[in-house]
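[1] Could you work out the structure for the sequence below:
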Amino acid sequence: MFPLLVDIGDLQFRFSTLIFMILGLAVGTAVAGWEYKRLGFNHQRRNQLYWTLALPLTFLISMFSAFLLNLSGWDLFENLENALSFGFSSFGAILGVLFLGYVQSKLLKEPTAGKRLDFISSILPLSLGIYRIGCLLNGCCYGEVTDGPLGVYLPDVHGVWAYRYPTQILLMFLDFWLFYWLWRRRDKQPFDGKLTLSFLIIFGAGRFLIDGLRNLPAALGPFNLLQLTSFCIITIALYIVYEFRNESNLKWTRTIKGQ
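    Model prediction:
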């Protein structure tokens, strides 16, 4: 494990995040190509274009997330690694990729955007899990120092080793487990979009718990900015599920009355 991979003059730059992000995207693209054909989507080249655009989109949103961190009181220039780490792992990147899929669905005039979003959501955790290997090598997204039984001897982003909560490993486990769980259920959903909502709720809950173990400044009470973001995503996703159930119950009632 080498938290510092490249040293260019006075600038310490870590490439493992970029390397494993590209690797995660490449693996995700390969799996997506197979699943794309299985689902009967048309425009294979447009599918490839989508995944090609996903990487620069993630970078742009990452930089925007870092900018927001600076506005929120985090010193971007003294904590550049943490800021970029936040950006690369933020919900903003995930929502941006899903939004890109939604726009593509509308441009292709597909009958429902939910099917395409479910397709993307079933693969996203796989790419995220591979990306987390880069986090572990970087030392970014590191956990708080602990002397408890969960402590693992790991470095922070500055190369300082200590017994810490293994948050990178926990995040990696969450992503790979979520990929397995979603992948097995991708053909058993009651309505298009349910898989995406399940992804956001479970991922958000997992992130809320794990990010509470990270060395992040509090933003509101004991909660950091990532935990608050997780809470907002979970709340919105649960509200959409609630609306879907109300709509389904209303349709069922109308069907019964019409008989």
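[2] Show me what whichever strand or helix holds Ile133 is packed up against.
    Element membership for Ile133 (DSSP states H and E) is helix 124-138. Helices and strands touching helix 124-138, by 3 or more CB pairs under 8 Å, 6 or more residues apart in numbering; DSSP states H and E, are helix 16-39, helix 80-89, helix 91-107, helix 167-184, helix 194-211. All C-beta spots, glycine's among them, are computed from the backbone N, C-alpha and C.
[3] can we see that at 10 Å?
    helix 16-39, helix 44-71, helix 80-89, helix 91-107, strand 152-155, helix 167-184, helix 194-211 (3 or more CB pairs under 10 Å, 6 or more residues apart in numbering; DSSP states H and E).
[4] which of these has the lowest average pLDDT?
    Comparing mean pLDDT across the helices and strands packed on helix 124-138, the weakest is helix 80-89, with a mean of 46.
[5] Run through the residues that contact the residue lying closest to Ile120 once chain neighbours are set aside.
    Counting by CB to CB, 6 or more residues apart in numbering, the nearest residue to Ile120 once its immediate chain neighbours are dropped is Gly101, at 4.6 Å. Neighbour list for Gly101: Tyr50, Ala54, Ala113, Arg116, Leu117, Asp118, Phe119, Ile120, Ser121, Leu124, Thr196 [criterion: CB atoms under 10 Å, 6 or more residues apart in numbering].
[6] What is the burial count for the fifth one?
    Other residues near Leu117 number 22, with proximity taken as other CB atoms under 10 Å.
[7] What distance do you get for it to Ala237?
    12 Å (CB to CB, to the nearest Å).
[8] Common neighbours of the two, please.
    What both Leu117 and Ala237 touch, as defined by CB under 10 Å, 6+ apart, is the set Thr196, Leu197, Phe199.
[9] Now list the buried members of those residues.
    Applying 16 or more other CB atoms under 10 Å to these, the neighbour count classes Thr196, Leu197, Phe199 as buried.
[10] Switch these over to a markdown table; also include distance to Tyr142.
    Conversion of those to a markdown table gives the following (distance: CB to CB, whole Å):
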| residue | distance to Tyr142 |
| --- | --- |
| Thr196 | 30 |
| Leu197 | 31 |
| Phe199 | 25 |
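[11] Which residue is the nearest non-sequential neighbour of Leu100?
    Leu100's closest residue in space is Leu57 (CB to CB, 6+ apart), at 6.0 Å.
[12] check contacts around Tyr102.
    Leu95, Ala113, Gly114, Arg116, Leu117, Ile120, Thr196.
[13] any idea of the mean pLDDT for the helix or strand where the fourth one lies?
    Taking DSSP H and E as the criterion, Arg116 maps to helix 113-121. Here the mean pLDDT over helix 113-121 is 89, rounded to a whole number.
[14] how big is the angle separating it from helix 91-107?
    Angular relation of helix 113-121 and helix 91-107 on a 0 to 180 degree scale: 140 degrees, by axes from the mean of the first three to the mean of the last three CA atoms, to 10 degrees.
[15] which helices and strands does helix 113-121 pack with?
    helix 16-39, helix 44-71, helix 91-107, helix 167-184, helix 194-211.
[16] want to throw the contacts of Gly101 into a markdown table with distance to Phe208?
    Below are those laid out as a markdown table (distance: CB to CB, whole Å):
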| residue | distance to Phe208 |
| --- | --- |
| Tyr50 | 29 |
| Ala54 | 25 |
| Ala113 | 27 |
| Arg116 | 27 |
| Leu117 | 22 |
| Asp118 | 23 |
| Phe119 | 26 |
| Ile120 | 22 |
| Ser121 | 18 |
| Leu124 | 18 |
| Thr196 | 18 |
